[in-house]
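> Would you be able to build a 3D model of this:
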Amino acid sequence: MLQTPNPGRLAKADHSPAPQSVLMNPPGSLLGSQNAILSGTGTSYYVPDFESCLSVKSVLSGSAVWEAAGRRFTIHENCYLILNDRQHYTMTIIQPERSRRFAFLSSATKMSRGKLILSKS
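Here you go, the predicted model:
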C-alpha cells in the first residue's frame with residue numbers, strides 16, 4: 001500500500017543547482033569561466049582590444065568610452081552597454097573627475113543554459 005507522507009513533517013527535496021559564486025574584480029584570465037563583477041574608480045584607464053564574454057557595462061559617475069564593432073559608445077550615469085560574447089572592445093577613461101564604473105560579466109556556460117531556457121518559453 002502506497003502511503004503519502006505528511007507534508008508538515010517531511011521537507012521537499014530541492015533539485016535546483018547549487019548557487020555559483022560571483023567573482024569580484026578577478027584577474028582577466030578568469031573572466032568568462034564564472035560570473036564576475038568588475039568595479040573601479042579612476043581618472044584614467046585604458047583597455048586596448050580586449051575580447052569579452054557577454055557583459056553589461058555601466059558608469060555610476062563620470063563617463064567612459066567603449067569602442068566595439070566599429071562604433072563608439074560614451075556611457076554616462078543611468079546608461080548601460082551590453083557587449084556580446086567574444087566581442088572585442090577598447091575602453092578609455094581620460095577626464096579630470098573620477099569615474100566610477102561597474103560591469104557584470106557572464107560565464108559562457110551560464111549564458112548557454114540561459115539561452116536554452118529562453119528558447120523554450
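> What's the end-to-end length of stretch 55-73?
15 Å (Cα to Cα, to the nearest Å).
> got the buried residues for that stretch?
Neighbour counts over stretch 55-73 (16 or more other Cβ atoms under 10 Å) mark 55, 57-59, 62, 64, 66, 68, 73 as buried. C-beta coordinates here come from the backbone N, C-alpha and C atoms, glycine included.
> Show me the beta-bridge partners of Ser99.
Gly42 (DSSP bridges).
> residues touching it, list them.
Ser99 makes contact with 41-43, 45, 59, 61-64, 93, according to Cβ atoms under 8 Å, 6 or more residues apart in numbering.
> Helices along the protein, start to end?
Using DSSP state H, the helices of the chain run over residues 108-120.
> can you pull out the strands in it?
Counting by DSSP state E, one finds strands in the chain at the ranges 23-24, 36-52, 55-61, 63-68, 71-76, 80-83, 87-105.
> closest to Ser33 among the contacts of Ser99?
Within the set of the contacts of Ser99, Tyr45 lies nearest Ser33; the separation is 23.1 Å, counting by Cβ to Cβ.
> Let me know how buried the closest residue to the closest one other than its chain neighbours is, in neighbour terms.
If you skip the residues right next to it in sequence, Tyr45 has Ile93 as its closest partner in space, 4.4 Å away by Cβ to Cβ, 6 or more residues apart in numbering. By the measure other Cβ atoms under 10 Å, the count of residues near Ile93 is 20.
> Low-confidence stretches in the chain?
Counting by pLDDT under 70, the chain contains low-confidence residues at 1-20, 108-121.
> same thing but 50
1-7, 15, 109-121 (pLDDT under 50).
> neighbours around Ile75, how many?
Neighbourhood size, Ile75 [other Cβ under 10 Å]: 19.
> same deal with Val22?
Counted with other Cβ under 10 Å, residues neighbouring Val22 total 13.
> Distance of it relative to Thr90?
Using Cβ to Cβ, to the nearest Å, we find Val22 at a distance of 25 Å from Thr90.
> Hmm, Glu97 is touching Gly62, no?
Yes: the pair Glu97 and Gly62 passes the contact test of Cβ atoms under 8 Å, sitting 5.6 Å apart.
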